[in-house]
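Peer 1: From the sequence below, what's the structure:
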Amino acid sequence: MASRVSTGSTAGGGSTTGGGSTTGGGLRVEDLTVRFDGVAAVDGVTLDLDPGHVLAVLGPSGCGKSTLLRAVAGLEQIETGSVTYDGRDLAGVPTHKRGFALMFQDGQLFPHQSVADNVGYPLRLRHRPRDQVALRVAELLDLVGLPGHGDRSPTTLSGGERQRVALARALAVRPRLLLLDEPLSALDRGLRERLAVDLREILNAAGTTALLVTHDQEEAFAVADRMAVMRAGRVVQSGTLEEVWRGPVDGEVAAFLGYATVLEGEAAGRVLAAGGRVDPAGARSGAVALRRSALRCTTDGPLHGKVLAARLTPEVTRLVVAVEGIGEVPAVADPDADVLVGHDVRLTVDLGRAAVLPARPVDHTP
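Peer 2: Residues are numbered from 1 along each chain as shown. Sure thing, here's the model as predicted:
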């Protein structure tokens, strides 16, 4: 059974089960399978990416996301399925003739060339006139926030600046599709967060269609319009960022998206009830994924527990609380609250910081 995801807008919002491209153009990957030594690295994936959209393929290392991107680029042999763009099947079309550009996590700049020469390299390969190259390079350096850096050596730049140069080079020939393979993963957390926001703005300003693969959910949320979550070579969930974040299909997806705890059965029902939601079916067979801040200490909360651990941060005090009828769960308290290990506390539930997961199908196998 193929995994499907569409980035096209629909009247009722996004879908987790596919559908065709709404414009008839853009990228179409259909029933794509790639195997290494007989093992499927990508297993029957179907997706559409409309022009001007950014799709993030999110998943842990080894899930097949980079192999999928490389297959789209023409760098991996496809066993079954197809890759088309604007309705044209790309089977047999070499990478350099697909009109795509690739950007990797290390940027792969030429250290012996200036920043301007790096950015202009794809244009010189296409024998563009020198004055056109200079004009385009200046335009791109301004776009990525590096005006006046053309004469610099890449070796004198910071990691974030080098990635901006790599992005400018990738955009130089106005690719119809930009393929981004973990482009920010080599940067430290703070810089990665800032550059992810800038990357989104740059892609929007350039009107670029992009396929991003990443293991970092915060990067995906910062850069993309839509998201597909991969696991073991397959797309297990897709949709708008809001749809995927608010409604993970299972506990494994919820954990990967950053939810701290998944409760099932009676414990899930108690949390739902404490949050003001009566859901007998959820209490019996569903599950609830909780962010670390879903439970908060108050003076009159409906849940009772004992503090097992407490750690002060600049914004909140992070707790681990043993809650009656639920078990050990994360919670938060105001940083100036007098909450210590061993204290009895009461907790409220913010269901806006929780996600109710679908009930698992009942196995009737004898």
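
Peer 1: So Val133 belongs to a strand, correct?
Peer 2: No - counting by DSSP: H, G, I helix; E, B strand; the rest coil, Val133 is not part of a strand but helix.

Peer 1: which ones are touching it?
Peer 2: 120, 123-124 (C-beta atoms under 8 Å, 6 or more residues apart in numbering). Glycine gets a C-beta too; all of them are placed from N, C-alpha and C.

Peer 1: what's the answer for Ser82, then?
Peer 2: Applying C-beta under 8 Å, 6+ apart to Ser82 gives the contacts 28-32, 89-91.

Peer 1: coming back round to it: can you pick the most crowded of the contacts of Val133?
Peer 2: With neighbours defined as other C-beta atoms under 10 Å, the most crowded of the contacts of Val133 is Gly120; it has 25 neighbours.

Peer 1: tell me the contacts of that residue?
Peer 2: Here Gly120 is in contact with 133-134, 136-137, 172 (C-beta under 8 Å, 6+ apart).

Peer 1: now the contacts of Val133 in CSV, with distance to Ala232, pLDDT and secondary structure?
Peer 2: Formatted as CSV, these follow (distance: C-beta to C-beta, whole Å; pLDDT from 0 to 100; DSSP: H, G, I helix; E, B strand; the rest coil):
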residue, distance to Ala232, pLDDT, secondary structure
Gly120, 42, 95, helix
Leu123, 41, 93, helix
Arg124, 43, 93, helix
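
Peer 1: any idea which residue sits dead centre in the protein?
Peer 2: Ala220 (2.7 Å; C-alpha atoms, centre = their mean).

Peer 1: What is the nearest of the contacts of Val133 to Glu328?
Peer 2: Gly120 (57.6 Å; C-beta to C-beta).

Peer 1: I'd like the distance between Leu178 and Val316.
Peer 2: 38 Å (C-beta to C-beta, to the nearest Å).

Peer 1: same check, this time on Leu157
Peer 2: Note on Leu157: its distance to Val316, by C-beta to C-beta, is 37 Å.

Peer 1: Now, of the contacts of Ser82, which are buried?
Peer 2: Among these, those classed as buried by 16 or more other C-beta atoms under 10 Å are 28-30, 32, 90.

Peer 1: which of those lies closest to Gly239?
Peer 2: Comparing the buried ones among the contacts of Ser82 against Gly239 with C-beta to C-beta places Val29 closest, at 16.9 Å.

Peer 1: For the closest one, give me phi and psi.
Peer 2: With angles defined as degrees, to the nearest 10, Val29 sits at phi -110, psi 130.

Peer 1: Which helix or which strand is home to the residue nearest to it when sequence neighbours are not counted?
Peer 2: Spatially, and ignoring its direct neighbours in sequence, Val29 is nearest to Leu47 (4.8 Å; C-beta to C-beta, 6 or more residues apart in numbering). Secondary structure assignment for Leu47, by DSSP states H and E: strand 39-49.

Peer 1: how far does that strand sit from the chain's center?
Peer 2: 17 Å (C-alpha atoms, centre = their mean, to the nearest Å).

Peer 1: again, but for stretch 288-306
Peer 2: The answer for stretch 288-306 is 28 Å, by C-alpha atoms, centre = their mean.

Peer 1: Can you give me the end-to-end span of that stretch?
Peer 2: 21 Å (C-alpha to C-alpha, to the nearest Å).

Peer 1: rewinding a little: just the pLDDT for the residue nearest to Val29.
Peer 2: Here, the pLDDT recorded for Leu47 equals 92.

Peer 1: Isn't it up against Leu55?
Peer 2: Yes - when contacts are counted by C-beta atoms under 8 Å, Leu47 is listed as touching Leu55 (7.2 Å).

Peer 1: before we move on, the earlier item: so the residue nearest to the centre of the chain sits in a strand?
Peer 2: No - the assignment for Ala220 is helix, going by three-state DSSP, so no strand is present there.

Peer 1: quick one on the thing from earlier: turn the contacts of Gly120 into TSV, including distance to Met103 and pLDDT.
Peer 2: As requested, the contacts of Gly120 are arranged in TSV below (distance: C-beta to C-beta, whole Å; pLDDT from 0 to 100):
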residue	distance to Met103	pLDDT
Val133	20	94
Ala134	22	94
Arg136	17	95
Val137	17	95
Ala172	11	91
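
Peer 1: In CSV: these, plus distance to His149.
Peer 2: Putting these into CSV (distance: C-beta to C-beta, whole Å) gives the following:
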residue, distance to His149
Val133, 16
Ala134, 14
Arg136, 15
Val137, 10
Ala172, 15
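
Peer 1: Generate a PyMOL selection restricted to the buried subset of the residues you listed.
Peer 2: To isolate the buried ones among those in PyMOL, judged by 16+ other C-beta under 10 Å, type:
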select buried, resi 133+136+137+172
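
Peer 1: Out of the contacts of Gly120, give me the two with the largest separation.
Peer 2: Pairwise over the contacts of Gly120, using C-beta to C-beta, the maximum falls at Ala134 and Ala172, 12.1 Å.

Peer 1: Break the protein down into its domains, please.
Peer 2: Domain assignment for the chain by automatic domain parsing gives 3-253, 260-357.

Peer 1: Ala116 reaches Val137, doesn't it?
Peer 2: Yes - with contact defined as C-beta under 8 Å, Ala116 counts as touching Val137 (5.0 Å).

Peer 1: out of the buried ones among the contacts of Ser82, which are inside helices?
Peer 2: Assigned to helices by DSSP state H, none of those qualify.
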